[in-house]
Structure formats: structure tokens, C-alpha cells
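Asker: Structure, please.
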Amino acid sequence: MFRGNKKSKQPPAQERYSSCISTTSEKWSDALNAYNQALLISRSLNDKVKEATILNQMGKIHAASGQASAAREHYTQALSLSRQLGYKTEEAQVLYNLAILNRQQNNLTAAKAEIETAINIVENLRSQIASQQLRQSYFARNQDYYHFYIDLLMQLHRQHPEKGYDGEALHISERARARSLIELLSEATADIRSGADPKLLEQERNLQEQLNTLERRKHDLLSGQYTQQQLDEIKQKSQSLLSQLDQLEAQIRVASPRYANLKYPDPLNRQQIQQQVLDDNTLLLEYSLGAERSYLWAVTKNSITSYLLPSQSDIEIAVQTFRESVTQNPAATIDTGMPLSQILLAPVANQLGNKRLLIVGDGVLQYVPFAALPLPSSPTTPLLVYNEIVTLPSASTVAIQRQQLQNRSPAAKALAVLADPVLTLNDSRMAGKAPQQTPQTLDNYALRGAARDLGIEDGRVELPRLDFTRTEAEKILALVAEGQRLRALDFNASRAKATDPNLGQYQIVHFATHGLLNSVNPQLSGVVLSLFDETGQAQNGFLRLHDIFNLNLPAELVVLSACQTGLGENVRGEGLVGLTRGFMYAGARRVVVSLWSVNDVATSELMAKFYQKMLQGGQKPVAALREAQLEMWKSENRQSPYYWAAFTVQGDWR
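Answerer: Numbers count the residues shown, from 1 in each chain. So this is what the prediction gives:
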């Protein structure tokens, strides 16, 4: 028991056109003829914006066909015209193309200056977008600029290893990561919603209610006969509401007087990472995946070493093989990760020692349980034996989080546990209740909607009671004095309890229940709490991401003892957008989350050990989790990483 047909999209016209270009001279000639005609038309209409775009495209065609001189001529014209017009988006594109051309001709210094200017333009334009959703998508579309710059800097480093280009590349890697999260953490501390226009806040609540109503309609539709057209219409309306909600939140942000005075912190460079993040016993391993080659930077308080790794596709194959083994096979052994370990850890094996490892993954690496990777020198010994492991979206986020929370006093009470909620009508705790609705309508509509998006049986999902969440909760609560704890079990493990401001009085908040991931719309991800109240009345028991963002939860630790709570939508340049950043925005200093659907019994055992080592042994969360996982690995029936490796700590380890 666990806690927890795509349609092809038409590419833009430019992409469709580019994909049709062959390497034959006839094709290049046809393409240039078409663009020359378009250029004449744009000039006759005095459409200089189109003219700049066409000149840039002609430059790309000349470059692709080996005519570097003609390519440079067209790029230069396009750049001049873009600057005259103040057409910054096109200016950045032209500079990027010029940088590629100069690199091909080994003019690396010129290429470096051009791509740096292009990225500065991108970041300036990005900062002018108020909507977080649009800001993320814009940043994702321009990630190629950063990957090109990193690759260029590492090429320069190979030629001039004494000039510090690898440190510059690390800084660009940080600039390319989790920028929205950095900004969200700053906004959370500034409390930009305080003093917001009540009318805007009311509109926000109304949109959220409309979204819930739409999810209910979707549930009702899925419960009976329906057509694909009906389902598509509801999905389109849902997407429209989510878009409106994002735009309204942007409006609230811009209208906030505190937002106007807010200055976002910059991502850290190498020296700042070494000074503000690292200590003598901590090693940062930051990965960047590229189409042709990937990179690893190993950074200590006093040094930086860089390594060339295989292509992104090669790494993805190794990750998929390893993840399929450890997430689906209870008999999986540590040695299944040896091929991946040879790629990710072998280059830096001599630096690992007994150090704490800060893992900043990229792309598919965010799904890897590094604790379960074998040592490169020992296929049966997990990395966990010698190293504490912390996962981060970027090195900058932890430094900025420390800065924002440095003067915060710990909450007055120790521990709040929300566990073992009432999920079904046939639950024994429902005995004697008189439900006022039929079983069909008692299903939680938000839950079913999320399940449908996850592809679970047409949205029809019955979540069973997780018996061992109660065992887990009782063992944890027994470690804390009664006056220092909150026991929210059964009907009390509710959404109302989770959103109660009093929850902010506790240093540790623990959720033990089902979790649902929605990687399509992460706003609909969440944890499942009681779906019924004490009278048998159905209620909304789904704590979704937008609910979490609205919490005030200054906890030292939030533990999500549920399935897949560490996952989310993988957005280029942002990483996994999901529950972790929601709880960090709400105020949590660190979050313990899972990377797959965890086993109920084994998770209960792991969590009991984890809390015993924290609350009785006085260990910090990262050390306590490591010790608990080691005990599981050394046991007779829980050796497989399937049982213990899903959980990881994200955030500040201190």
C-alpha cells in the first residue's frame, strides 16, 4: 500500500520552416529567395521590426550554409536596426547568433562579450514581467543562451585554466537556476500581500472558488457518460482560470507598495558561494546538463574543480535505468546504480571523503536519490555511508534564505502532526455517522480532478486508509511533552487545521498521508487530508499548492511523509516547481520530501527512527535522516533503497 495520449503541438511557423531546411544548396537558395522577397515587402511597408527579424534569419541561413561573411553582414544589419528600434528581444537573438558564429570562427573573446550582453538583455526583460508564470516561461525559452555561455566559458577554461573561467561558468549556472524561487523567498519576507487592495484579494478568492467549482463539474462528468469534447472544454476553462489567477496575482504584486521597494538579490558568484554557503566540511556538487556535453563543478570553501561529463541524453538513460530499479523493485540492490555513479561521482571521488554534499542537480538529476548511489570504488556501499546529503535548487537559494531568516526566533512549541485522515465512507471511524450525500458525490472533487490529470483510472480514485501513518504519528508524538505538541489525527487531520494560523506556533510540522503530484498543473498538486467532518459531511480535504503559498508557517522543518512530494513540473531554468517551494515561501527553513511512491510500513519505520534521533538524540535533520536511512539499509528486510532512499532534505542544513 502506498501514500500515493498526448496530442502533438504545432510548432511556431519559424520552427516549422527551419526544420524543413536541408543541407543542399538548392534548399538554402530557395530559403534565401523566400526571405529576400519577404525583406522587400517589409521595406516597402516600412515595417522595420519585421525587417530586423528577416535579416537575422537570413544571417542564420548563411551561417548554416557555411557563408560566414554573408552571415556576419546580415547579423550586423539586424543588430543595428534592432538597436535603433529599441527592439531588445531581437537584439538579444542577434547577439546570440553572432556569438555562435564567432565561436565557430574561434573568436572566443568576441563571442563571450556578445553572449554576456544578450543574457543581460534577457534578464532585464524578465525582470519587467510581473506574472511569475510568464516570467518562468520566458526564462525557460531562453535557457539556450545560458547553456551556450557555460559551454563557451568551459572551452576557455580548457585553454586557459589559470584564468578562472570555470568559476565564471559556475556563476552563469547559478544565474540560470531557480530565479523565481529566489524572488519568491524575497517577496515572502517582504510580505507584499500585506496592505494589498481588498478588492483584488476578493477577486483572487473568487477565482479560486471558480476553479474548485470547475473541478467539481469535471468530477461529475467523469462519474458518468461523457465525450472527449466535453472533457476538453472543461480542461480549457480550467487552464483559462489558472491563467487569470496568475495574472491577478501579478496585479496584486505590482500594486503592493512593498513590492515597489523590493530589490531582488542577485545569484551568488563563486567567491560568494564559498564565503556564504560552504564550511570546511561541506562540498558543493553542481551539475549542468548539455546536449553535447555536461559539466560538474566541485566547490569547497577554498577551491573549485570542474569536470566534463557525457551528454544529457546519455545521462538521462542511466538515470532512467537506476530510477526504474529503485522505485519499482523492492529487491533492488545498491549496485544497480553503479553505471550512474561512474558518470556522476567517479570524476570527483577523491574529494568526497566524509564531507556533507550539497547536490544541485539539473533536469533529470533532480529525480535521483543520490544517497542510494554506490561509491564509485564499492558497488555495494551507498554514498550515504560516508556522506550527509542535502539537495538544493541552487546554491544561491540557501544563502538568500539564511539572510532572510537570520533574525527569526524559533516558534514556541515543538511539534504538530497531521496524520491518518478519514478518506472513505467505509472507514470504521464513520460508524454511526449519517452522511447527507450519496457515495458518488462524496468523492472529493479536487482530489479526483488531480487524479484524472495524473492518468489514474479516468479520475476515479479510491484512496485507502494508511494504517501505518497512525503508528508513525503516535510514535513521533510520544517523543514530545503534551504541552509542546499538536495531535491532529482522524477528522482533525483536516484542511482547516492545516490552514489554521495557530499551526505557525510549531517548530516542526509533520504531514503523514497521501500525496498527489500534478506535473501538468503543479498548482493542483498537494496533500490529502480528511474528506469528511465529524458529522459525516463531505468536505474539501485537499491542501493544494496555492493554499500552501497562502500559509504563514515559520517552521524550522516541514516533513511531507507522503508520495512524490519532492516532485513537480520540471521547468527549464527553474527546476521542479512543486510543494517544496510552496512551503519555503510559507516560511519553512527546510523541507523533507519524497521522490517516489513510498511504502507505507517502511515509511512509518523510517520516520520513527528519524524523529527519535532528532528529538531524543539531538541531531540536526540532515544527520538524523542519514542515520535513520543507514539503520534501514543495515536491517535484514529493508536493505533495498526502495524502502528508505526516497526521502531527502531540501533547504538549510545548519
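Asker: Distance from the chain centre to the longest strand anywhere in the chain, please.
Answerer: Longest strand of the chain, by residue count under DSSP state E: strand 413-421. Chain-centre distance of strand 413-421: 26 Å, with Cα atoms, centre = their mean, to the nearest Å.
Asker: Would you mind checking which helix or strand in this protein has the lowest mean pLDDT?
Answerer: Lowest mean confidence among the helices and strands of the chain (mean pLDDT, DSSP states H and E): helix 439-442, at a mean of 36.
Asker: Report the contact partners of residue 137.
Answerer: Counting by Cβ atoms under 8 Å, 6 or more residues apart in numbering, residue 137 makes contact with residue 571. Every C-beta, even on glycine, is put in place using the N, C-alpha and C of the backbone.
Asker: Need the pLDDT of it.
Answerer: Residue 137 carries a pLDDT score of 87 in this model.
Asker: where does it land in three-state SS?
Answerer: Under DSSP: H, G, I helix; E, B strand; the rest coil, the three-state class of residue 137 is helix.
Asker: which stretches of the stretch 351-500 of the chain form strands?
Answerer: Using DSSP state E, counting those that start in this stretch, the strands of the stretch 351-500 of the chain run over 356-360, 374-375, 378-382, 389-392, 413-421, 485-490.
Asker: for those strands, which one ends up most surrounded?
Answerer: Counting by mean count of other Cβ atoms under 10 Å, strand 413-421 has the highest mean neighbour count of the strands of the stretch 351-500 of the chain, with a mean of 25.
Asker: If you average the pLDDT over that one, what comes out?
Answerer: 97.
Asker: Starting from it, tell me which strands it pairs with and how they run.
Answerer: strand 485-490 (parallel), strand 506-512 (parallel) (DSSP bridges).
Asker: Could you export those strands as CSV, including distance to residue 317 and mean pLDDT?
Answerer: Shown next, in CSV, are those (distance: least, Cβ to Cβ, whole Å; pLDDT from 0 to 100):
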stretch, distance to residue 317, mean pLDDT
strand 485-490, 44, 97
strand 506-512, 34, 97
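Asker: among the ones you listed, which is nearest residue 424?
Answerer: Judged by Cβ to Cβ, the one of these that comes nearest to residue 424 is strand 485-490, at 13.0 Å.
Asker: next one: the closest one to chain centre, how far?
Answerer: Worked out by Cα atoms, centre = their mean, strand 485-490 lies 30 Å from the chain centre.
Asker: Residues in contact with it: which ones?
Answerer: By Cβ under 8 Å, 6+ apart, the surrounding residues in contact with strand 485-490 are 413-422, 429, 470, 473, 477, 494, 497, 503, 506, 530.
Asker: Can I get that strand as PDB, trimmed to CA atoms?
Answerer: Taking C-alpha atoms only, strand 485-490 is exported to PDB below (Å, rounded to 0.1, in the frame of the first residue of the first chain):
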ATOM      1  CA  ARG A 485       2.700  19.200  20.600                       C
ATOM      2  CA  LEU A 486      -0.400  19.200  18.400                       C
ATOM      3  CA  ARG A 487      -2.100  15.900  17.700                       C
ATOM      4  CA  ALA A 488      -4.300  16.300  14.600                       C
ATOM      5  CA  LEU A 489      -5.500  12.800  13.700                       C
ATOM      6  CA  ASP A 490      -8.700  11.300  12.200                       C
END
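Asker: Count the residues that sit near the nearest residue to residue 557 once chain neighbours are set aside.
Answerer: The shortest distance from residue 557 to any non-neighbouring residue, by Cβ to Cβ, 6 or more residues apart in numbering, is to residue 508 (4.7 Å). By the criterion of other Cβ atoms under 10 Å, residue 508 has 24 neighbours.
Asker: chain center to the helix ranked longest in the chain: distance?
Answerer: Longest helix in the chain by number of residues, with DSSP state H as the criterion: helix 228-255. How far helix 228-255 lies from its chain's middle: 21 Å, per Cα atoms, centre = their mean.
Asker: Quick one: mean pLDDT for it?
Answerer: 80.
Asker: That one - contacts with which helices or strands?
Answerer: helix 132-141, helix 198-223 (3 or more Cβ pairs under 8 Å, 6 or more residues apart in numbering; DSSP states H and E).
Asker: Extract the C-alpha trace of stretch 178-189 and format it as PDB.
Answerer: Backbone C-alpha positions of stretch 178-189 (Å, rounded to 0.1, in the frame of the first residue of the first chain) are rendered in PDB as follows:
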ATOM      1  CA  ALA A 178      15.600  28.800  -9.600                       C
ATOM      2  CA  ARG A 179      15.400  32.600 -10.200                       C
ATOM      3  CA  SER A 180      11.700  32.600  -9.400                       C
ATOM      4  CA  LEU A 181      12.300  30.800  -6.200                       C
ATOM      5  CA  ILE A 182      14.900  33.300  -5.100                       C
ATOM      6  CA  GLU A 183      12.400  36.100  -5.900                       C
ATOM      7  CA  LEU A 184       9.600  34.300  -4.100                       C
ATOM      8  CA  LEU A 185      11.700  34.000  -0.900                       C
ATOM      9  CA  SER A 186      12.400  37.700  -1.100                       C
ATOM     10  CA  GLU A 187       8.700  38.500  -1.600                       C
ATOM     11  CA  ALA A 188       7.700  36.200   1.300                       C
ATOM     12  CA  THR A 189      10.000  38.100   3.700                       C
END
